[in-house]
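> sequence and computational prediction follow.
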Amino acid sequence: QVQLVESGGGLVQAGGSLRLSCAASRSIFSFNVMGWYRRAPGKQRELVATIVSGGTTNYADSVKDRFTISRDNAKNTWLLQMNSLKPEDTAVYYCYARNERFTNFWGQGTQVTVSS
């Protein structure tokens, strides 16, 4: 059973930065896709960013040019660097991975709160 553990959430003022980390219990080379989703209060879960095994990244329009997803193969970890945070970025952020069998794995979520 794959476990994903997020860290790095917290409270930050608007304009500030946070970095989220997702650590997998197995090699990330077993995943085709890794990424981050978020769910804001009263809203549906939305895709934030993904990175595929070849390195291509994809971002929601709302976070382009502010967030950066990356991977650390040696640590079996992927990161989400969030800059220029806005109050509307407040949400629970979930890391996500999918393997070649299209099995999805989710972290437990980490709260990000951006104050105005």
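That came through fine.
> is residue 108 in contact with residue 7, as I believe?
No: in this structure residue 108 lies outside contact range of residue 7 using Cβ atoms under 8 Å: 10.5 Å. For the C-beta atoms, the positions are set from N, CA and C on the backbone; glycine is no exception.
> so for those two, which sits in the more crowded spot?
More crowded of residue 108 and residue 7, by other Cβ atoms under 10 Å: residue 7, with 14 against 11.
> once you drop chain neighbours, what's closest to that one?
residue 21 (5.0 Å; Cβ to Cβ, 6 or more residues apart in numbering).
> quick one: the residue of the chain positioned farthest from its centre from residue 83, how far?
What lies farthest from the middle of the chain is residue 116; by Cα atoms, centre = their mean that is 22.2 Å. From residue 116 across to residue 83, the span is 17 Å (Cβ to Cβ, to the nearest Å).
> go on, residue 107?
The spacing between residue 107 and residue 83, counted by Cβ to Cβ, is 21 Å.
> which of the two has more neighbours?
Per other Cβ under 10 Å, whichever of residue 107 and residue 83 has more neighbours is residue 107, with 21 against 14.
> my guess is that one contacts residue 94. True?
Yes: assessed by Cβ under 8 Å, residue 107 is found in contact with residue 94 at 5.5 Å.
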